[in-house]
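> Dropping a prediction and its sequence here:
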Amino acid sequence: MGYIFVSYSRKQLYFAESVALKLQQAGLEIWFDLQKLEPGMDWAAALKDGYGNCEKLVLIASQAAIQSPYVQVEWETALQNGREVTIVLTEPVVLPETLRNCALFDARRQFDQTIDALIPYLQGEAPARHDPVPAPGRSVFLNPMPFDVRLTAGVMLMPAITAWVTTLSLALTTVPVSVGVLPESIEQTFPALAPYSGYLLGFVAGLILAFTQYPVRDFLQHSTNHEELSKLRRKLFTPQLVACGICLVFTVANPGTTWAPLVGYLILLFPLVTAYWSFWTLKRSPDLLRWMPSGEADQEVRETVQREVVANLEKQTRPEVSFERLAAPTYAVHAHPADRHIAELADSILKSRGCTPLREEQAAVQLMIVSNRTSKQWLLERNASLPGPKIHVLATNINTPPEIQPLLQTQWIDFRNEREKVLQSFATQLTDPNKLNVSYAMEISPTGFDNSYAFPRSIRILLGAFLLLFIVILVPVFDFWKLPDWAFIPVGLPLLLYIDGLIMRRYFLPAVFYKLLGKHVAWFAEPAPHAADAIGNTDRNYITDKDFLLLVDVLKK
């Protein structure tokens with residue numbers, strides 16, 4: 001049996017990757033682009049060869065895939081060549097007439113069970129399945145979806161639900177509660193509402209929370225990423241804990257009521273559910289990973305979810321290759337002077353994995369370091385002049401101006417977190433082509449080009465140490481001199497602005513940190529003067545006014 005080509009829209013990357021890995025784990029030979037496109041390969045030619053010579057084609061059907069002209073060419077070519085096309089459904093779609101007789105497996109709700117049923121069919125050991133195809137236009141809330149996705153949507157609505165349940169708890173107490181929120185004219189017109197204005201406020205607050213603060217609909221339409229969900233956690237917990245306190249107070253104060261104690265104690269479950277979602281589902285759920293739009297999942301979550309499958313697949317080998325292909329690979333690292341330290345770090349990692357650095361005219365692969373300090377003109381000129389395949393190493397968050405948009409269609413390696421594993425996977429792919437390309441495939445799709453959490457973990461620790469040192473040293477000083485609370489602002493604000501500039505790589509660290517941290521300060525190491533046409537990164541601040549006010553509150557305590 002020949003190989004099976006996996007056709008999909010890049011918007012469903014994580015879903016398609018999960019399908020490919022499960023099929024590979026079952027022993028099927030799969031052509032999945034991220035795994036088959038080796039460093040520096042011509043993507044267009046390789047894809048054309050992949051879908052043109054496949055034995056079968058599995059189409060990951062979504063609205064984006066059906067509307068994509070590239071995906072359409074893939075499945076049309078397979079049908080023209082007399083190959084079988086099998087559909088794996090990810091969302092409601094309108095299938096073209098030519099695909100309506102194909103076997104169809106609906107994987108929207110029970111992914112594992114559906115793919116387990118797909119495997120014997122592809123192996124020729126089970127009959128075809130023709131699950132019904134739902135048409136788009138139905139309410140997104142009514143579509144089948146995995147439990148973890150519904151849990152996430154429920155948690156996002158939890159503050160609103162908490163406000164409503166709190167109001168219900170108050171309404172079940174023996175004493176009406178009024179907070180005087182209704183205008184006097186309304187109270188005179190509807191005097192019966194006056195004692196219950198607090199309940200009305202609770203319901204209104206719940207509606208506001210539901211429709212403004214927590215974009216559940218965006219999430220259900222695959223428009224919310226892991227970073228945005230992570231930022232929601234503090235917003236989710238705060239109103240729930242406040243509501244719990246209110247309910248407990250009124251529950252204890254009204255022990256004679258029938259339902260108030262039950263509602264008051266049940267509301268304690270809400271923060272527990274949110275905690276479970278925050279520390280388990282968000283970081284370990286395969287269904288939630290598959291729900292994320294391409295490039296918007298946390299890379300560590302991606303590796304955690306797929307770790308076991310990848311480890312098993314890495315033990316497999318490809319067919320024998322020629323001796324020349326096994327020769328030690330050669331490379332050349334190219335970096336603007338502003339990125340010299342990051343280039344040195346990348347070079348040391350590749351050397352440790354058996355790769356050989358050579359001059360650019362002799363190297364088999366050209367590595368281009370790209371950061372927010374890189375000159376756009378330099379980058380474009382080097383891409384045009386360098387021979388052979390070029391791989392771009394994303395060293396920091398960057399903007400993507402129109403000038404460099406064509407470069408985004410080539411291969412990139414996400415090295416923003418300075419995890420050695422990233423370049424080690426790349427080096428292993430060069431030095432040992434017998435290995436399956438699974439680890440490397442998971443590194444060549446950057447998690448967005450402007451992700452505020454994409455910087456080295458050692459730097460996060462360093463910045464935390466800055467704040468801790470600030471608190472430990474300055475708080476006693478302020479107490480000793482009896483300085484007022486507002487005095488923290490002129491001292492703390494410059495510190496936070498400096499830290500913000502460090503994260504954005506606008507400022508440098510004091511030289512003493514270079515000796516203490518060694519190569520781990522490559523992110524902040526002092527470079528040549530910034531290029532006048534540097535690519536740059538987002539203008540938004542990573543440390544917001546709310547973060548600063550939170551720090552001031554901590555210091556004042």
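Here it is on my side, so go on.

> Show me what counts as buried in stretch 29-36.
Ile30, Trp31, Phe32, Asp33, Leu34, Gln35, Lys36 (16 or more other CB atoms under 10 Å). Bear in mind the C-beta positions are built from the backbone N, C-alpha and C, glycine included.

> same check, this time on stretch 288-302
288-299, 301-302.

> Just the ones in helices from these, please.
Leu288, Leu289, Arg290, Trp291, Gln299, Val301, Arg302 (DSSP state H).

> hey, what's the nearest residue to Leu104 once chain neighbours are set aside bridged with?
Leaving out its chain neighbours, the residue that sits closest to Leu104 by CB to CB, 6 or more residues apart in numbering is Ile87, at 4.4 Å. Ile87 has these beta-bridge partners by DSSP bridges: Leu59, Leu104.

> Surely Ile87 is in contact with Ser62?
No: counting by CB atoms under 8 Å, Ser62 is not a contact partner of Ile87; they are 10.6 Å apart.

> And the two? Which one has more around it.
Using other CB atoms under 10 Å as the criterion, Ile87 and Ser62 rank with Ile87 on top: 27 against 23.

> For Phe279, see how far away that one is.
Distance of Ile87 to Phe279, given as CB to CB, to the nearest Å: 36 Å.

> cool, and Pro329?
41 Å.

> between the two, which one's more packed in?
Under the criterion of other CB under 10 Å, the comparison of Pro329 against Phe279 puts Pro329 first, with 23 against 11.

> List the contacts of that one.
Cys355, Thr356, Ala364, Val365, Ala427, Leu430, Thr431 (CB atoms under 8 Å, 6 or more residues apart in numbering).

> quick check, nearest of those residues to Tyr121?
Leu430 (36.7 Å; CB to CB).

> shouldn't the closest one be in contact with Ala363?
No: taking CB under 8 Å as the definition, Leu430 is not a contact partner of Ala363, at 11.2 Å.

> how about the helices of the stretch 151-300 of the chain, start to end?
Ranges of helices in the stretch 151-300 of the chain, per DSSP state H, counting those that start in this stretch, are 184-189, 197-208, 216-220, 226-253, 260-266, 269-276, 282-284, 286-291, 299-313.

> which regions of the stretch 51-200 of the chain lie under the pLDDT threshold?
137-141, 163, 165-200 (pLDDT under 70).

> Quick check: the farthest pair among the ones in helices among the buried residues of stretch 288-302?
Across these (CB to CB), the longest gap, 16.2 Å, separates Trp291 and Gln299.

> got any residues that touch both of Leu430 and Ala363?
With CB under 8 Å, 6+ apart, Leu430 and Ala363 have common neighbours Tyr331.

> Excluding sequence neighbours, find me the nearest residue to Leu509.
Phe524 (4.5 Å).

> pLDDT weak spots in the stretch 301-450 of the chain?
316-328, 409, 432-437, 443-448.

> For it, which segments count as helices?
340-352, 376-385, 420-431, 438-441.

> now, of the ones you listed, which is deepest in the fold?
Among the helices of the stretch 301-450 of the chain, ranked by average contacts under mean count of other CB atoms under 10 Å, first place goes to helix 438-441 (a mean of 22).

> what angle separates the following helix or strand past that helix from helix 299-313?
Proceeding N to C from helix 438-441, the next assigned helix or strand is helix 457-480, under DSSP states H and E. Computed with axes from the mean of the first three to the mean of the last three CA atoms, to 10 degrees, the direction of helix 457-480 lies at 150 degrees from that of helix 299-313.

> and Ala346, what does it touch?
Contacts of Ala346 by CB under 8 Å, 6+ apart are Val333, Leu367, Ile369, Val393, Phe415, Leu423.

> Go through these and flag which are in strands.
Val333, Leu367, Ile369, Val393 (DSSP state E).

> Identify, from those residues, the entry nearest to His222.
So of the ones in strands among the contacts of Ala346, ranked by how close each gets to His222 (CB to CB), first place is Val393, at 28.6 Å.

> Report the contact partners of that closest one.
Ala346, Leu367, Met368, Ile369, Val370, Trp412, Ile413, Phe415, Leu423.

> tell me the two of the residues you listed that are most distant?
Val370 and Leu423 (14.4 Å).

> For the stretch 451-557 of the chain, give me the ranges with low pLDDT.
Looking at the stretch 451-557 of the chain by pLDDT under 70, you get 451-453, 479-481, 483, 485-486, 488, 517-520, 527-530, 538-557.

> the helices in it, which residues?
457-480, 488-503, 512-517, 545-556.

> of all the ones you listed, which lies closest to Val216?
Closest among the helices of the stretch 451-557 of the chain, once you apply CB to CB, is helix 545-556, at 22.3 Å.

> And for the residue nearest to Ala454 when sequence neighbours are not counted, the neighbour number?
Once flanking residues are discounted, Ala454 sits nearest to Arg416: 4.0 Å by CB to CB, 6+ apart. Arg416 has 24 neighbours, counted by other CB under 10 Å.

> Am I right that Arg416 is in contact with Phe455?
Yes: under the criterion of CB under 8 Å, Arg416 makes contact with Phe455 at 6.2 Å.

> Now the common contact residues for those two.
Thr396, Asn397.

> thinking again about what came up before, closest one of the buried residues of stretch 288-302 to Pro490?
Distances from Pro490 to the buried residues of stretch 288-302, taken by CB to CB, are shortest for Asp298, at 36.6 Å.

> ok, for the closest one, nearest residue in space, not its chain neighbours?
His226 (4.1 Å).

> Cool, thanks, talk later.
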